[in-house]
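Asks: quick one: sequence and predicted model below, then my questions.
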Amino acid sequence: MAIMTIRDAIVQTLHSEMERDPDIMLLGEDVVGGNGTAGGPEAIGGIWGTSGGLWAKFGPDRIIDTPISESAIVGAAAGAALSGKRPVAELMFADFVGVSLDQIWNQIAKFRYMFGGKTKCPVVIRLVYGAGMNTAAQHSQSVYAMLTAMPGLKVVLPVTPLDAKGLLTEALRGDDPVMFFEHKALYGVKGEVPDGDHRQRFGEARMVREGGDVTIVTCGRMVNFSEKAADKLAADGIGCDVIDLRTTSPLDEDAILDSVEATGRLVVVDESPPRCSLAADICALVATKAFSSLKVPPELVTGPHSPIPYARELERAWVPSPQKIEAAVRRALAAG
Amino acid sequence: MQLSREDLLGAYRRMATIRQFEERLHEEIKSGEIAGFTHLYAGQEAVAVGICDQLTIEDKIVSTHRGHGHCIAKGCDVKGMMQEIFGRGGGLCKGRGGSMHIADLSVGMLGANGIVGGGAPQAVGAALAAKLDKKNRVAIAFSGDGACNQGTTFEAMNMAVVTKAPAIFVFENNHYSEHTGDAYAVGTAKDIASRAEAFGMKAWRANGCDYFETYETMRELLDYVRAGNGPAAIELDTERFFGHFEGDPQRYRGKGEIDRIRDERDCLKAFRAKVADAKLLDVADLDAIDAQVATLIEASVVEARAAPPPDPATVADDVYVDYV
């Protein structure tokens, strides 16, 4: 057991999995860095520091620095996967899904189905997402709802170093395309990680805490914000179930429904605009499958229907906060 | 050129199979029994066959929406293809893909593609996989004069050059991107190969209606790529005998154009004339192949028509390898 950051858990998992499986390769912008410069390859390991040391160990045929060409990065990963490899494609910002969407949406997600189940496409796309660093409208989005809506993709959002290792290992050993979301504000979060093999099954939510009065369903960085809110509420004797979904596709419906059936009160926290969001999806799930157990209308804590702004004050106003979550829980309790 | 009698007979058989497959589909589609969009490859046979005849089963190709010819040339089962296009459960892709999404990875055919320009980056990935395996495989992206205008194609060409991937960009210029002429839509004076050259790779040009010229030029290109020189490109001047899709009224064609290209630019006629003139094959050999192919195509249609449709209960199968 070691204490490490999410960043280090990702780097170490990439190292150990690439040692284990010679078919794993990594493609992305600046995953090495410095190629073609006077200084030479500097192996910075990406601007997020998540591929440190890989190039020196595994060489340029497996660690491939690419031009800024997101369609080609994702498309090349698709073609390599159809040729028997397990490529990891890094999108420096999840927002760049917009540039490469055809290769994700029309190609990778659909190959297995279109080809009659006779192939697999084990691509892992690592997407750096989320607000909180004042990176504004094109570098802050949490596009997991859009990808969750696509049949054929699995969508994974680790919140702890333990899950970063467990979920990435599972992604690299599974046979389906996985969208692996890394929140840019969580890379430095520390926690315990086991030394040996650790796999975390998809579709198994994490019950972060059990409180019994209100169910908070969330994912990503909003798990930590929900915990802060739950701490505050606990001081007033209000107990929250906090559910970290871990994966939004597949979705652990049972964990959500079991908790709501016990509490009768649902708060969904989602770092996204509200329309067609994960929050709306969870709300629809509960409305269709556990309607009679709801004592009050669900509360959805999301950003507004707007792009994500730059200025600190504006970004803070956009992102769901522990205070907003706490207020939503109190409304759910006051409603009846 | 050192093509044996067997090579020549095989090449003619594959080209004739594509031609008859497409001509038959053109008739069958009128009956209304075949659903959706079908884009026929007739006229371009010498390209698919002249290229794929020189590939091994380990080499990969990615195809286009006009993919039947590439499939047959790379070795996909004709009866399985016909069933797929008829939307049958016994089709090559269980009726899930249809004409635009036929694939058979067991023969190195990584898929037709409904998105123009969708395949080029995938060929680069297949080429990078080949490079990693050090097996001297190549990966080919078939594209047309339509896909040569897509950004994905540009990104793929640059990435192939940068990574020295053994990728080959084949541009089949049939002079129509859907209903628009290359004279209008291709900005580089109808010269697609020059684009590949501008990205830093060597490019060849050949008459895609001539099997022998295609074969010979491609042999040179393949030697170059397999020698480890990185990617390469080839532009083939070819003809599309049918419309963009079946049902296309083709009002954009010039007067007598289709008769003219069928008369002057038919790669099968040219092949027959050449091998007969050179006394390499007898006309009777070629006629015998035509008859055998006709029997195969007839059987494939009869079987496809009689085959059961897919079970609606399987509609959501095979989305994932495993899903909780």
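Replies: That came in fine, so what should we check first? All values derive from a computational prediction rather than experimental measurement.
Asks: closest point of the stretch 151-300 of chain B to chain A, which residue?
Replies: residue B:155 (3.7 Å; CB to the nearest CB). All C-beta atoms are positioned from the backbone trio N, CA, C, and that covers glycine.
Asks: pretty sure that residue sits in a helix.
Replies: Yes: the assignment for residue B:155 is a helix, going by DSSP: H, G, I helix; E, B strand; the rest coil.
Asks: what about it, how many neighbours?
Replies: The local packing of residue B:155 (other CB atoms under 10 Å in any protein chain shown) involves 27 other residues.
Asks: equivalent analysis for residue A:153, please.
Replies: 24.
Asks: for residue A:6, same thing?
Replies: Here the number of neighbours of residue A:6 (other CB under 10 Å) works out to 25.
Asks: mind checking how far it is from residue A:188?
Replies: As judged by CB to CB, to the nearest Å, residue A:6 and residue A:188 stand 7 Å apart.
Asks: one more: residue A:97?
Replies: From residue A:97 to residue A:188 the distance is 24 Å (CB to CB).
Asks: those two: which has the busier surroundings?
Replies: More neighbours surround residue A:97 than the other of residue A:97 and residue A:188, with 23 against 10 (other CB under 10 Å).
Asks: isn't that one up against residue A:104?
Replies: Yes: here residue A:97 lies in contact with residue A:104, judged by CB atoms under 8 Å, at a distance of 6.5 Å.
Asks: any idea where the strands of the stretch 101-250 of chain B begin and end?
Replies: Secondary structure of the stretch 101-250 of chain B (DSSP state E, counting those that start in this stretch): strands at B:139-144, B:167-173, B:176-177, B:180-181, B:202-207, B:232-237.
Asks: need the winner for burial among those.
Replies: Highest mean neighbour count among the strands of the stretch 101-250 of chain B (mean count of other CB atoms under 10 Å in any protein chain shown): strand B:139-144, with a mean of 31.
Asks: coming back round to it: so what sits against both of residue A:97 and residue A:104?
Replies: Overlap of the contact sets of residue A:97 and residue A:104 (by CB atoms under 8 Å, 6 or more residues apart in numbering or on different chains) consists of residue A:147.
Asks: what's the longest helix in chain B?
Replies: With secondary structure taken from DSSP state H, chain B has its longest helix at helix B:5-30.
Asks: what residues sit buried inside it?
Replies: Buried residues in helix B:5-30, counted by 16 or more other CB atoms under 10 Å in any protein chain shown: B:8-9, B:11-22, B:24-26, B:28-29.
Asks: low-confidence regions, chain B specifically.
Replies: Along chain B, the parts satisfying pLDDT under 70 run over B:1.
Asks: can you check the stretch 51-200 of chain A too?
Replies: In the stretch 51-200 of chain A (pLDDT under 70), no residue qualifies.
Asks: can you give me the strands in it?
Replies: Using DSSP E, counting those that start in this stretch, strands in the stretch 51-200 of chain A cover A:63-65, A:86-91, A:124-129, A:154-156, A:178-183, A:190-193.
Asks: now these as CSV including distance to residue A:148?
Replies: Output for these, formatted as CSV (distance: least, CB to CB, whole Å):
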stretch, distance to residue A:148
strand A:63-65, 28
strand A:86-91, 16
strand A:124-129, 12
strand A:154-156, 5
strand A:178-183, 8
strand A:190-193, 25
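Asks: just to revisit the earlier point, tell me who's in contact with the residue of the stretch 151-300 of chain B closest to chain A.
Replies: If you count contacts by CB under 8 Å, 6+ apart, residue B:155 has them with A:67, A:69, A:71-72, A:75, B:120-121.
Asks: where do the helices sit along chain A?
Replies: Under DSSP H, chain A gives helices at A:6-20, A:54-58, A:70-82, A:97-102, A:111-114, A:144-148, A:161-173, A:221-235, A:253-263, A:278-289, A:312-318, A:322-334.
Asks: single out the most deeply packed of these.
Replies: Compared across these, helix A:70-82 shows the largest average neighbour count, a mean of 31 (mean count of other CB under 10 Å).
Asks: how far out from the middle of the chain is that one?
Replies: 20 Å (CA atoms, centre = their mean, to the nearest Å).
Asks: what helices or strands is that helix leaning on?
Replies: The helices and strands touching helix A:70-82, judged by 3 or more CB pairs under 8 Å, 6 or more residues apart in numbering or on different chains; DSSP states H and E, are strand A:24-28, strand A:86-91, helix A:97-102, strand B:60-62, helix B:120-133, helix B:151-163.
Asks: that older thread, which secondary structure elements does the longest helix of chain B contact?
Replies: With contacts defined as 3+ CB pairs under 8 Å, 6+ apart, the packing partners of helix B:5-30 are helix B:45-52, helix B:68-74, helix B:78-85, helix B:211-226, helix B:267-277, helix B:283-306.
Asks: one more time with 6 Å
Replies: The contact analysis (3 or more CB pairs under 6 Å, 6 or more residues apart in numbering or on different chains; DSSP states H and E) places helix B:5-30 against helix B:45-52, helix B:68-74, helix B:267-277, helix B:283-306.
Asks: closest one to residue A:331 among the ones you listed?
Replies: Of all the helices and strands packed on helix B:5-30, it is helix B:68-74 that lies closest to residue A:331, at 59.5 Å by CB to CB.
Asks: just the CA trace of that closest one, in PDB.
Replies: These are the backbone C-alpha positions of helix B:68-74, laid out as PDB (Å, rounded to 0.1, in the frame of the first residue of the first chain):
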ATOM      1  CA  HIS B  68     -18.300  -3.900 -52.400                       C
ATOM      2  CA  GLY B  69     -15.300  -4.000 -54.800                       C
ATOM      3  CA  HIS B  70     -12.800  -3.700 -52.100                       C
ATOM      4  CA  CYS B  71     -14.500  -6.400 -50.100                       C
ATOM      5  CA  ILE B  72     -14.500  -8.900 -52.900                       C
ATOM      6  CA  ALA B  73     -11.000  -8.100 -54.000                       C
ATOM      7  CA  LYS B  74      -9.700  -8.600 -50.400                       C
END
